[in-house]
Each structure stands twice: as C-alpha cells, then as structure tokens.
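> requesting a structural model of the entry that follows:
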Amino acid sequence: MVNLHPLKSLILAVGIMNGCQCEDEPAGPTVVPEVEDQESIDWNNFYDSGTLTANPPSLDAGGPGDAVASGRPDGGVTLMDAGVTDDDVCVALSATANNVVLPVDIIWVIDSSPSMDDSILIIEQELNLFVAEISESNLDYRVVLVGADDDYYDPAAQKQYLGICIPEPLSGAAGCPDTDSESYRHIRQGVHSHDALSKLINNYEDYKDFLRPDAITHFIAVSDDDTGGYSDDEDFESFIATATAPGFPQGFVFHSIVDLIGYIEGCFWDDSCSCGENRGQEYINMSEDTGGVIQSICQEDWTEVFDALQENVVQGALLPCEYLLPELENNLQIEADETNVVLISTEDGSRTTLPNVQNGSQCGDNEAWYFDNANHPTRAILCEAACGLINTTIELEFGCETVKYPQQ
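The predicted structure is shown next:
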C-alpha cells in the first residue's frame with residue numbers, strides 16, 4: 001500500500017499533460033497511486049468545481065489496487081490497474097492554470113445636452129446587453145453612470161439636460177428614475193457639452209466608495225463636443241494621480257465615444273461630416289495615452305462601439321503572466337518549496353523548468369518566476385523576461401523540490 005503525501009506532485013497544466021516527470025521517474029503514463037482513505041475524498045467535488053479536468057478514480061472498480069492514468073482523446077484520463085511502489089513519487093492530474101483576472105469598475109460619463117437624445121436612447125437600450133456579455137467572461141464588474149436622471153432646465157446655468165434611465169437588471173428596480181443596485185450606481189448630475197471631465201472630478205466623493213482598490217477602472221466618455229474651457233486631459237490625469245480612498249491603484253483606461261471630425265460649415269449629414277460641434281480631442285488624447293477605444297458617436301449602429309469596448313475591458317482584466325494557484329479540497333496544501341513552473345514547447349514538446357526567485361525585485365533579466373506571497377501563495381507570477389515566452393504551454397508542478405537560482 002502506498003502512503004501518499006497529501007500533495008505529492010499534483011500537476012496542473014494548460015492543455016493536456018502527457019505525464020509527470022519528477023526526479024528518478026521514467027517518462028510514460030501518469031501514475032495515480034492508491035490513497036488509503038480514498039473513499040473519504042470527494043472526487044466529484046474536485047472535478048465538478050472546474051478546478052481539475054481529469055476523471056476521478058473509480059471507487060467501485062474491484063478491490064484495493066493502484067492505478068495508471070493514460071491520455072484520452074477528450075483530454076481527460078482513463079484509469080487502469082498497475083503495480084505501484086513507494087518509489088512512484090508522482091500523482092498527476094491535468095487541469096487548467098487560469099490567468100488572474102482583475103475586477104473591473106466601469107464609469108460612464110454621458111453628455112446629456114439636448115443634441116445627445118439619439119445617443120442616450122442607444123445607451124439606455126444597450127447597456128444591459130454590454131454588461132451581460134462582460135459577465136459571460138466571468139468578470140466581476142461594477143458600473144457607475146454620471147448623468148442626469150430626468151429632463152430638467154437649470155436656470156442658473158441656462159442649460160437644458162436630458163434624463164438617462166437604465167432599465168433592469170442593472171437598475172435595482174423597474175421604472176424611471178432608475179435605482180442603484182449592488183453592481184450599479186447612478187450619479188445624478190447633469191453633464192453638458194463641455195464639462196464631462198469636470199463632473200467626474202467634482203463628484204468623485206459620491207462614487208469613490210463604490211470603487212475597489214484591486215479593480216482596473218475604465219472611463220467611457222460619450223459626447224458630441226470637446227471639453228471647451230472646463231477641465232481638460234491634463235486636469236483629469238492630475239486628478240487620477242492624486243485621488244485616494246481608493247484612488248486608482250490598478251491604473252485606468254479612458255475610452256472616447258465622441259465626434260471625430262468637428263463641425264464643417266456646409267457639410268450635410270454624410271460619412272465625411274460631423275454630427276456634433278467639435279472633435280473630442282481632449283478625450284481622444286487620453287484614449288491614445290491609455291490604450292482605450294476611440295469610436296465615432298455619429299454611427300447609427302453602435303454594435304462596433306460596444307464590441308470594441310467589450311473586447312478592451314475583457315482583455316485588460318487579464319494578467320497574462322500571473323497564474324492562480326488552485327484551491328484544493330480535503331486539506332491539501334501547496335508547499336512553496338515544492339512548486340515549479342515548467343514551460344513546454346509547442347513545437348517539439350521540450351520542457352524547461354524556470355528557476356524561482358524570491359520576489360519581483362530579483363527578476364532582473366532572468367527568465368524566472370516568483371510567488372505573490374511565499375508564506376501564503378495564491379499566484380505564480382512570471383518575470384518580465386519569461387513573460388515573453390508564454391507562446392509555450394505553462395505547467396504548474398507541485399511536489400518536486402523547487403528549482404532556484406544559485407544565489408538563493
């Protein structure tokens with residue numbers, strides 16, 4: 001009977017694994033030795049949770065015995081009888097090493113001057129679909145909307161505003177004005193032609209508690225004009241840099257749905273003409289600086305607008321060189337000194353074990369990796385030099401002594 005260490009060489013891989021290659025073990029089928037208290041393990045919970053993708057050992061397949069797992073065309077494993085001794089040190093199961101995904105806070109600021117009626121209608125009709133498609137990517141999102149919630153005239157400013165009402169399910173209840181919810185907050189301030197950035201800055205106290213310090217923030221400005229004499233791109237970037245509690249520690253991306261042309265006298269409503277007053281240059285500047293989407297507000301069909309926003313938000317939430325360590329059941333623990341990151345070439349299948357460094361400051365130019373926290377690890381993070389190699393397959397290997405740089 002094999003006395004199995006609770007975490008001897010559980011291997012998690014991106015893709016299908018051909019077998020564990022631990023020290024002194026010949027290459028070949030993946031070995032799954034018998035566990036004395038195997039019946040106490042909730043194997044279905046292991047696999048149904050989505051963490052592991054192989055099939056569990058059969059608890060009804062005859063008497064006590066060891067098992068070998070061999071590859072199946074569907075990417076799982078098939079278990080069969082095999083003789084296993086204490087020298088067989090690896091227990092291998094295939095699973096997905098998932099990228100770390102940041103939560104996203106999405107802040108819409110919408111010009112609600114009278115010329116924006118068509119654009120406001122599109123947003124009211126499509127915003128729920130937009131966030132539903134983001135949700136399908138398993139993103140944890142929140143939405144803030146800055147704009148009037150009812151039509152009104154401000155006699156002091158001598159400005160007319162159009163109301164914006166987002167229906168359920170973003171809204172917490174049916175009817176207008178809309179209602180704040182766990183994932184939606186409406187900052188009910190009228191935004192006019194030139195003051196979108198000013199309203200974001202001046203009303204920060206009203207939405208900062210809704211933002212999360214671990215979230216990446218996306219600002220989406222919708223206007224058929226530019227900032228005029230109000231806060232401009234430099235003012236806004238200064239606000240971002242100094243905002244606190246929580247501020248924007250994960251950075252921000254600014255998206256512009258604006259007039260891309262500007263008013264041209266004598267030009268009448270075709271693709272070469274403007275639908276607004278001025279090109280939204282201050283907004284465009286920030287989109288170019290932060291890698292945001294730039295789309296024309298003059299489009300009648302906003303499918304391209306929302307598709308581009310969705311792609312940018314989803315891709316921006318992925319940390320391509322950070323991998324979540326699995327949450328294991330039945331008190332199995334990941335040991336920091338028995339963890340390795342292995343690159344597998346997609347061309348010839350060759351394997352390269354990356355050395356471990358203590359933290360990101362020791363990366364230098366080394367193709368290496370480190371834990372987010374060696375005492376309580378939750379992520380394996382590739383150094384920048386190794387990150388460029390991720391066209392290969394990534395394996396996270398648990399149970400074999402960690403390979404470290406000599407200076408460690």
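> what about the helices in the protein?
Taking DSSP state H, the helices of the chain run over residues 43-48, 117-135, 196-202, 204-207, 233-242, 281-290, 303-317, 384-387.
> mind giving me CSV with these and columns for mean neighbour count and mean pLDDT?
For glycine as for every other residue, the C-beta is placed from the backbone atoms N, C-alpha and C. Below are those laid out as CSV (neighbours: other C-beta atoms under 10 Å; pLDDT from 0 to 100):
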stretch, mean neighbour count, mean pLDDT
helix 43-48, 15, 37
helix 117-135, 17, 95
helix 196-202, 21, 96
helix 204-207, 14, 98
helix 233-242, 15, 95
helix 281-290, 20, 95
helix 303-317, 17, 91
helix 384-387, 16, 84
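> could you dump those into CSV with distance to Pro213 added?
Listed next are these as CSV, based on distance: least, C-beta to C-beta, whole Å:
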stretch, distance to Pro213
helix 43-48, 32
helix 117-135, 20
helix 196-202, 18
helix 204-207, 14
helix 233-242, 14
helix 281-290, 19
helix 303-317, 15
helix 384-387, 24
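> shaky segments in the stretch 301-408 of the chain?
327-332, 388-392, 406-408 (pLDDT under 70).
> what do you get if the cut-off is 90, keeping everything else the same?
For the stretch 301-408 of the chain, applying pLDDT under 90 flags the ranges 314-353, 374-380, 384-408.
> burial check on Ser296, number of neighbours?
Neighbour count for Ser296, taken as other C-beta atoms under 10 Å: 19.
> same question for Leu102.
Using other C-beta under 10 Å, Leu102 is surrounded by 18 other residues.
> again with the one 10 residues further on
Residues lying near Ser112 (other C-beta under 10 Å) number 31.
> with the one 3 residues further on instead?
Here the number of neighbours of Ser115 (other C-beta under 10 Å) works out to 16.
> against Asp224, how distant is it?
Distance from Ser115 to Asp224, counting by C-beta to C-beta, to the nearest Å: 6 Å.
> and Val100, bridged to which residues?
Beta bridges link Val100 to Leu319, judged by DSSP bridges.
> actually Val222, not the one I typed
The partner residues for Val222, given DSSP bridges, come to Ile110, Ile257.
> in this structure it contacts Ser112, no?
No - Val222 is not in contact with Ser112 according to C-beta atoms under 8 Å; the separation is 9.5 Å.
> test my guess that Gln250 contacts Leu211.
No - at 10.1 Å, Gln250 does not count as touching Leu211 under the criterion of C-beta under 8 Å.
> contacting residues around Thr288?
No, residue 288 isn't Thr; it's Glu. Shown in contact with Glu288 (C-beta atoms under 8 Å, 6 or more residues apart in numbering): Ile294.
> what is in contact with Ser115 and Asp224 at once?
What both Ser115 and Asp224 touch, as defined by C-beta under 8 Å, 6+ apart, is the set 193, 276.
> which residues are common contacts for Gln250 and Leu211?
Common contacts of Gln250 and Leu211 (C-beta under 8 Å, 6+ apart): Thr217.
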